[in-house]
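Q: Pasting the sequence and the predicted coordinates here, then a few questions.
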Amino acid sequence: MSDKKRIAIIGCGGMGAGHAIAIASGTGIAMWFPKGMSEALVKNDDQHSTNISNRLELAGVYDIDPARNEWAAAQGFSVYDSFNAVLNDNSVDIVLIATPNHLHKDMAIASMRAGKHVLCEKPVTVTSAELEEVIVVAKETGKVFYPRQNRRWDEDFLIIKKIYNENLVGKTFNIESRVMGSRGIPGDWRGVKASGGGMMLDWGVHLLDRILLMVPEKVKRVYCNMTYIKNDECDDGFKLQLVFESGLTVSVEVGTCHFINHPIWYIAGDQGTAVIEDWKGHGKLVVLKSWQDKDAKPILAGEGLTKTMAPRERDSVEEHPLPDVAYDKNTLYLNLADVIDGKAEQIVTAEQALRVLKLMEAAFKSSETGEVARFE
Ligand SMILES: NC(=O)c1ccc[n+]([C@@H]2O[C@H](COP(=O)([O-])OP(=O)(O)OC[C@H]3O[C@@H](n4cnc5c(N)ncnc54)[C@H](O)[C@@H]3O)[C@@H](O)[C@H]2O)c1
């Protein structure tokens, strides 16, 4: 007997189209797929994506915009004529919600009440109160509600997680995670507050999910400053500082008005430092061989000499390439199918998504008050 799950996608814009292509092809990775982009740019990555075609099957898509349904039909995908038609299709096991953020809650609840499991794009809801409602319905109906925090399988994050978990820089005392661009908020619903716009809900949700996953500690302090450089309504970036119970500090930054970028990751420990400069994976790991650096010579630093900040002699540190990591970008899809079959625990849970939403709310509060916010 086939254990394929039939999945219907609501919202066939950038992300919904990416899912449709990935699921229909079986080997693809679900990549955001901006409207009008050439399909040729969507590549399979056999090395990092298990074929999912014996676990998931595309039942069809539905979008409120007829042009998107036409696009889907032209790809050979089945198209439903309404959201209700999806809910009434008894052959559909999973509803994948890929609409603007403010629509997720009601669509998730309606889908579960109609007997469907739900795979929901991030941020799964716009507030923690909304997600609490969704969790109640998931418990009532016994349906799986699965948050799509796919950036847990990004190579850059997995490298930093390995460095952190295996103490490759010794005891970590500071981590910086960042994404930067110069194009402001996209000119769609992402710039509209009522639609759940803003960069905290867009990128912040990924970056914070990864930090809370990686650091298994309580957060002691949250301080955040949102920016409104090119958008008065929604944050177009932020700088957030977390202090964990052990004293570990983590900075998370999203910027959309930067013409020179900082590295996407920087991790510092008492025995070394690692950096990942960009998404192409340029970076290095520098570890200490010896604190002794007898030949250290002062350098001229502006108007004065410094020995404290002088570079180390080459033989007191070792430079390594970043470590290799193994990963499968289709883990989330496969885990969803396994959870529905009762064969596995959920890797990304609604409770984890709730903690991230509460952290984002603490960050907004800190930015509004200018004070450190309470979190947990
Ligand atoms: N996980 C990721 O890496 C990732 C990447 C990009 C987007 N996303 C998420 O995916 C979701 C969609 O983002 P996007 O970039 O695809 O946006 P988009 O604007 O490109 O697509 C959204 C689509 O939803 C449709 N829609 C709106 N209201 C609808 C309704 N009532 N019924 C059916 N369809 C409706 C729109 O017509 C549009 O085609 C968002 O939640 C976003 O945060 C996730």
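A: Nice, I can see it.

Q: The closest residue to the ligand within the stretch 101-250 of the chain bridge partners, please.
A: Ranked by Cβ to the nearest ligand atom, the top residue of the stretch 101-250 of the chain for proximity to the ligand is Glu121, at 3.6 Å. (Each C-beta comes from the backbone N, C-alpha and C, glycine too.) Beta-bridge partners recorded for Glu121 (DSSP bridges): Arg148.

Q: likewise Gly304?
A: Those that pair with Gly304 in a beta bridge, by DSSP bridges, are Ala301.

Q: Run through the helices of the chain in chain order.
A: Along the chain, the stretches classed as helices by DSSP state H are 14-25, 66-74, 83-87, 104-113, 128-141, 155-165, 199, 205-214, 331-340, 350-369.

Q: The longest one packs against which elements?
A: The helices and strands touching helix 350-369, judged by 3 or more Cβ pairs under 8 Å, 6 or more residues apart in numbering; DSSP states H and E, are helix 128-141, strand 145-148, helix 205-214, strand 219-227, strand 237-244.

Q: winner for burial among those?
A: Burial of these is given as mean neighbour count (mean count of other Cβ atoms under 10 Å); strand 145-148 ranks first at a mean of 25.

Q: picking up where we left off before, the residue of the stretch 101-250 of the chain closest to the ligand - how many residues pack around it?
A: 21 (other Cβ atoms under 10 Å).

Q: which residues does it contact?
A: Residues near Glu121 by Cβ atoms under 8 Å, 6 or more residues apart in numbering: Gly11, Met15, Leu96, Ile97, Ala98, Thr99, His104, Arg148.

Q: list the contacts for the closest residue to the ligand within the chain?
A: Proximity of the chain to the ligand (Cβ to the nearest ligand atom) peaks at Gly13, 1.8 Å away. Going by Cβ under 8 Å, 6+ apart, Gly13 touches Lys35, Asp63, Asp65, Arg68, Ala98, Thr99.

Q: any idea how far it lies from Asp65?
A: In this view, Gly13 and Asp65 are 8 Å apart by Cβ to Cβ, to the nearest Å.

Q: Please tell me the pLDDT value assigned to the residue of the stretch 101-250 of the chain closest to the ligand.
A: Reading off the confidence values, Glu121 has pLDDT 98.

Q: picking up where we left off before, closest to His19 out of the contacts of Gly13?
A: Among the contacts of Gly13, Ala98 lies closest to His19 (Cβ to Cβ), at 6.2 Å.

Q: Next up, phi/psi of the closest one, please.
A: When quoted as degrees, to the nearest 10, the phi and psi of Ala98 stand at phi -130, psi 40.

Q: ok, back up a step: how about the helices of the chain, which one is nearest Leu305?
A: So among the helices of the chain, helix 155-165 is nearest, using Cβ to Cβ, at 33.7 Å.

Q: Buried ones in that closest one, by neighbour count?
A: Glu155, Asp156, Phe157, Leu158, Ile159, Ile160, Lys161, Ile163, Tyr164 (16 or more other Cβ atoms under 10 Å).

Q: Run through the residues that contact the last one.
A: With contact set as Cβ under 8 Å, 6+ apart, Tyr164 has these partners: Thr172, Ile175, Met214, Val215, Ile267.

Q: residues touching the third one, list them.
A: Translated: Met214. Contacts for Met214 (Cβ under 8 Å, 6+ apart) come out as Phe157, Ile160, Lys161, Tyr164, Asn165.

Q: where does it land on pLDDT?
A: Taking Met214 on its own, its pLDDT is 98.

Q: so can I have TSV of the contacts of Glu121 showing pLDDT and distance to the ligand?
A: Shown next, in TSV, are these (pLDDT from 0 to 100; distance: Cβ to the nearest ligand atom, whole Å):
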residue	pLDDT	distance to the ligand
Gly11	97	3
Met15	93	3
Leu96	98	10
Ile97	98	8
Ala98	97	5
Thr99	98	4
His104	98	6
Arg148	98	5
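
Q: Would you tell me which residues of the stretch 1-150 of the chain are close to the ligand?
A: Taking Cβ under 6 Å from any ligand atom as the criterion, the neighbours of the ligand within the stretch 1-150 of the chain are 10-16, 32, 62-65, 68, 83, 98-101, 103, 121-122, 148, 150.

Q: So among these, which ones count as buried?
A: Buried residues within these, counting neighbours by 16+ other Cβ under 10 Å: 10-16, 62-63, 68, 83, 98-101, 103, 121-122, 148, 150.

Q: How about the residues of the stretch 201-350 of the chain by the ligand?
A: Near the ligand, when you scan the stretch 201-350 of the chain using Cβ under 6 Å from any ligand atom, you find Asp202.

Q: Let me see the contact set for the residue nearest to the spatial centre of the chain.
A: When Cα atoms, centre = their mean is applied to the chain, the residue found nearest the centroid is His206 (2.6 Å). Residues near His206 by Cβ under 8 Å, 6+ apart: Lys122, Gln149, Arg151.

Q: switch to 10 Å and redo it
A: Counting by Cβ atoms under 10 Å, 6 or more residues apart in numbering, His206 touches Lys122, Pro123, Gln149, Asn150, Arg151, Arg152, Asp154, Phe157, Ser177, Val179, Val254, Val356.

Q: Can you select the buried ones from these in PyMOL?
A: Burial among those is assessed by 16+ other Cβ under 10 Å; the matching PyMOL selection reads:
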select buried, resi 122+123+149+150+152+154+157+177+179+254+356
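
Q: re earlier: out of the contacts of Met214, who's nearest Ser195?
A: Ranked by distance to Ser195 (Cβ to Cβ), these are led by Phe157 at 27.1 Å.

Q: Could you find the closest non-adjacent residue to the closest one?
A: Spatially, and ignoring its direct neighbours in sequence, Phe157 is nearest to Arg210 (5.1 Å; Cβ to Cβ, 6 or more residues apart in numbering).

Q: And Leu87, by the same measure?
A: Using Cβ to Cβ, 6+ apart, the closest residue to Leu87 is Ala114 (3.9 Å).

Q: how about low-confidence regions in this protein?
A: For the chain, the stretches with pLDDT under 70 are 1-2, 28-29, 34-46, 293-295.
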